[in-house]
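Asks: I'll drop the sequence and a predicted model, then ask my questions.
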Amino acid sequence: MNQPMPPFPIKCLSDVEKIDLLSLPHISTGIKSLDRLIEGLFESQLIVVTGKRGQGKSTFASWILSNALNQGRNIFAYSGELPDYHFRNWLDLQIAGQQNISTTKNEWGDFIYSLNDDAAKKLTEYYAGRAYIYDNSAVTQGRLQDVLLGSIRYAAEQLKCQVMLVDNIMTAVDMLDNDAYAVQSGFVKSLKALCAELNITIILIAHPRKTEQGKPLMNDDVSGTADITNLADIVLAYSRIDESKSENGKYHSTISVTKNRLTGKLTTKEKPIKVAYSEMTKRIISDDDSNPNQLMCCFKNEYVPF
């Protein structure tokens, strides 16, 4: 029976196309336990990563970007706190792997890690025209958040970037208005709209409020407007493990999934995802990796030591 077309945006549920979620374009985070829970990161998703300062959330986000490159995606990053050369060095070490890294010591005896000349050259060729970063030194007109939103659109439409990083919301917006929460809210809503319009994945880093020592971070602990987590499709909390819980140094950090709009699967407070971290390669692996000492060397298509 034909129904008249309603004067409002309404359609019959039976006309909605059935979609197999796993058939939708998505990428692996490079962390098996996390992928098992969230099925990877999908197009049109806004991913919020939170964690206390110095806990490793920027390294975690960079590791996701390196895996996105390895899976054929172009990337764009805004880093409001790290110089561009520092960000590149971090990403280079993650991509290259241990066998392509040289180790020296500074005058105080601390280890310094850098790429050998051959690896540096190959890496430059590997992501030329595929990896981009916001130029913090550029002189621009207008509010930072508007320029950054325009840069994300350009990166998606003209540079074919599909995975974006905004690190972090506090440095990405100009707090010129009296209502800082309104400024943040508008920015996050714009990010979410760009995800849907351009079919891109955006990773947004947000700092938490001060919380009780040892208390797991939850969505309400994210500093700023509630829209940051309300609009997110996935919220991940990255935290450093207390020495007494590291199993003799086997693990260094945990990842908690506190929101997962796609599948609803979350970690429990008692069982977050445990991950190990390599100071040399800046790589992150999960506790159930079947071969935790071997990870992909992206630009050589071979496995190299963690």
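Replies: Looks like it came in fine.

Asks: With residue 81 as the reference, measure out to residue 112.
Replies: Plainly put, residue 112 is 21 Å away from residue 81 if you go by Cβ to Cβ, to the nearest Å. C-betas here are computed from N, CA, C, even on glycine.

Asks: These two: which has the busier surroundings?
Replies: residue 81 (14 against 9; other Cβ atoms under 10 Å).

Asks: tell me which residues of stretch 254-268 are tucked away?
Replies: 254-260, 262, 267 (16 or more other Cβ atoms under 10 Å).

Asks: hang on, I meant stretch 193-209
Replies: 194-195, 198, 200-208.

Asks: Okay, strands next: where are they in the stretch 151-300 of the chain?
Replies: With strands called from DSSP state E, counting those that start in this stretch, the stretch 151-300 of the chain shows them at 161-167, 201-206, 234-240, 253-260, 273-277, 284-286, 294-297.

Asks: can you list those strands in CSV and add mean pLDDT?
Replies: Shown next, in CSV, are those (pLDDT from 0 to 100):
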stretch, mean pLDDT
strand 161-167, 97
strand 201-206, 96
strand 234-240, 95
strand 253-260, 95
strand 273-277, 93
strand 284-286, 87
strand 294-297, 48
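
Asks: Quick one: those as JSON lines, columns for distance to residue 183 too.
Replies: As requested, the strands of the stretch 151-300 of the chain are arranged in JSON lines below (distance: least, Cβ to Cβ, whole Å):
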{"stretch": "strand 161-167", "distance to residue 183": "14"}
{"stretch": "strand 201-206", "distance to residue 183": "14"}
{"stretch": "strand 234-240", "distance to residue 183": "21"}
{"stretch": "strand 253-260", "distance to residue 183": "23"}
{"stretch": "strand 273-277", "distance to residue 183": "33"}
{"stretch": "strand 284-286", "distance to residue 183": "32"}
{"stretch": "strand 294-297", "distance to residue 183": "39"}
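
Asks: To residue 108, which of those strands lies closest?
Replies: strand 273-277 (22.0 Å; Cβ to Cβ).

Asks: Paired strands for the closest one, with orientation please.
Replies: Counting by DSSP bridges, the strands paired with strand 273-277 are strand 253-260 (antiparallel), strand 284-286 (antiparallel).

Asks: Could you check how far the first one is from the centre of its chain?
Replies: Using Cα atoms, centre = their mean, to the nearest Å, the mean C-alpha position of strand 253-260 is found 13 Å from that of the whole chain.

Asks: got the contact list for the closest residue to residue 35 other than its chain neighbours?
Replies: Distances taken as Cβ to Cβ, 6 or more residues apart in numbering place residue 28 nearest to residue 35, at 5.2 Å, with adjacent residues excluded. By Cβ atoms under 8 Å, 6 or more residues apart in numbering, the contact set of residue 28 is 35, 40, 67, 71.

Asks: ok, the second one to residue 192 distance?
Replies: Computed as Cβ to Cβ, the residue 40 to residue 192 distance reads 19 Å.

Asks: just the last one next, same as before
Replies: From residue 71 over to residue 192 the distance is 23 Å, taken as Cβ to Cβ.

Asks: Equivalent analysis for the third one, please.
Replies: Distance, residue 67 to residue 192, using Cβ to Cβ: 23 Å.

Asks: Could you check which of the two has the larger neighbour count?
Replies: residue 67 (26 against 20).

Asks: Tell me how many other residues surround the closest residue in space to that one that isn't next to it in sequence.
Replies: Leaving aside its sequence neighbours, residue 67 sits nearest to residue 30 (Cβ to Cβ, 6+ apart; 3.6 Å). The tally of other residues near residue 30 (other Cβ under 10 Å) stands at 25.

Asks: give me every residue that touches residue 30.
Replies: Counted by Cβ under 8 Å, 6+ apart, residue 30 has contacts 63-64, 66-67, 70, 284-285, 295.
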